[in-house]
Each structure stands twice: as structure tokens, then as C-alpha cells.
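In: Give me a model of this one.
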Amino acid sequence: MLSLADIETLFAERGHEQYTGEPVTQLEHALQSATLGEAEGADDELVTAALLHDLGHLLHDLGETPTLRGVDDVHQYRALPFLRGLFSERVLGAIQLHVDAKRYLCATRPGYHEALSDDSKRSLVLQGGVFSAAEAEAFAARPGALDAVRLRLWDDQAKAEGLPTPALAHFMARARRIALC
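Out: Numbering: from 1, shown residues only. Take a look at the predicted model:
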């Protein structure tokens with residue numbers, strides 16, 4: 001299990017890395033996602049999930065743009081063992097389901113797929129593609145699906161070069177309020 005200090009160290013050591021195919025770093029993407037959640041009035045659990053939803057990218061180095069090599073890094077699962085025991089199942093569930101939320105939105109929201117970045121479109125194929133109608137219905141019925149969809153929408157918008165955000169310490173304070181230990 002990671003501690004909150006470990007998470008801060010991970011962002012300090014690897015947060016400067018480019019968020020694949022986007023004009024932001026990993027840390028900028030995390031901060032923008034959390035900022036968007038906060039601006040929408042999300043609670044501490046969901047804002048923390050937004051901050052940490054791509055932590056799996058920082059825990060495993062697959063090099064530049066793995067999707068161009070046909071690699072799905074399964075980042076939505078990679079961070080869960082490191083965060084389990086530190087955060088609630090609601091936080092973990094939103095992180096785990098944010099990839100399936102993309103598949104769901106592609107199936108249910110007109111124009112969503114077309115608006116995805118090139119890297120998101122490539123990863124979508126590697127992640128199983130657009131949900132069928134039955135898969136979308138099953139996803140929507142899962143506990144935490146709505147949280148994951150909200151997080152996914154922030155994730156999609158959190159790729160703006162130079163967008164001002166609060167510092168990491170601001171969001172880590174929110175994470176501390178909900179940490180289980």
C-alpha cells in the first residue's frame with residue numbers, strides 16, 4: 001500500500017512526464033482532472049479519484065505512447081493494490097471504472113467518440129472497444145458507474161495546456177480528509 005507521502009513522491013518523481021499524446025504532463029492532467037471535479041462541486045472522495053485516476057501510468061513505465069505499439073497498460077487496475085486500504089471502495093471504483101466509462105460514453109453519447117483525442121481512440125480499441133447496447137446497460141447498472149462517468153468527462157477535458165490549477169498540496173489535503181489510515 002502506498003502512503004499519502006508516497007503518492008506525493010511519485011508525482012514529484014514522475015509527474016513531469018508527458019501525458020501520452022497530449023500537451024500536458026501527468027501531474028498537470030491529474031491536477032486539471034481534480035480541479036474540474038472540484039469546480040463541479042464533487043466531494044472529497046470523487047475529487048481524490050479524479051486526482052489519482054491515472055496513477056497506474058506512473059507506477060509502470062512502458063515508454064513513450066504504448067498505444068502506438070498496440071499495448072494496453074491496464075492503468076485503471078494497476079494502481080488499485082497500492083491504494084487499497086488507503087482509500088474507500090468508492091474512490092477505487094471510480095478509478096477502476098473510468099476506462100469502461102469511456103466505452104460506455106462512446107456507446108451512448110452522440111459525438112463523444114469523435115471528440116476523443118487520437119491516443120484515447122487508439123486506447124479505446126485496445127481496451128475492448130465501444131460497448132454494445134447490452135454492455136452499456138450492464139455498465140450503467142453497476143455501483144459507482146455514475147461517479148466513473150463524471151470522472152471520465154473531467155479526464156477528457158483535463159488536457160489543456162497552461163490551465164491554472166491549485167497545487168498538488170491542495171488536493172492532497174482533500175485526500176488526507178478521507179484517507180482510511
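
In: can we go C-alpha only for contacts and neighbour counts from here?
Out: Fine.

In: In the helix or strand that contains residue 170, which residues are buried?
Out: According to DSSP states H and E, residue 170 maps onto helix 168-178. By neighbour count with 16 or more other C-alpha atoms under 10 Å, helix 168-178 contains the buried residues 168, 171-172, 175.

In: Low-confidence regions, the protein specifically.
Out: Along the chain, the parts satisfying pLDDT under 70 run over 61-74.

In: Return the list of helices and strands in contact with the longest helix seen in it.
Out: Looking across the chain with DSSP state H, the single longest helix is helix 89-108. Packing partners of helix 89-108 (3 or more C-alpha pairs under 8 Å, 6 or more residues apart in numbering; DSSP states H and E): helix 44-52, helix 75-78, helix 80-83, helix 112-115, helix 133-140, helix 145-157.

In: looking at those, which is closest to residue 23?
Out: Closest to residue 23 of those is helix 145-157 (C-alpha to C-alpha; 12.0 Å).

In: Just want the most central residue of the chain.
Out: Closest residue to the average C-alpha location of the chain: residue 53 at 2.9 Å, with C-alpha atoms, centre = their mean.

In: how near is that one to residue 82?
Out: Residue 53 sits at a distance of 12 Å from residue 82 (criterion: C-alpha to C-alpha, to the nearest Å).

In: Now for these two: what residues contact both?
Out: Overlap of the contact sets of residue 53 and residue 82 (by C-alpha atoms under 8 Å, 6 or more residues apart in numbering) is empty.

In: neighbours around the closest residue to residue 157 other than its chain neighbours, how many?
Out: Using C-alpha to C-alpha, 6 or more residues apart in numbering and skipping residues adjacent in sequence, the residue nearest residue 157 is residue 33, 7.5 Å away. Neighbour count of residue 33, defined by other C-alpha atoms under 10 Å: 29.

In: Can you pull the phi/psi pair for residue 33?
Out: Backbone torsions of residue 33, given as degrees, to the nearest 10, read phi -60, psi -50.

In: pretty sure it is touching residue 160, no?
Out: No - Residue 33 lies out of contact with residue 160 (C-alpha atoms under 8 Å); the separation is 10.4 Å.
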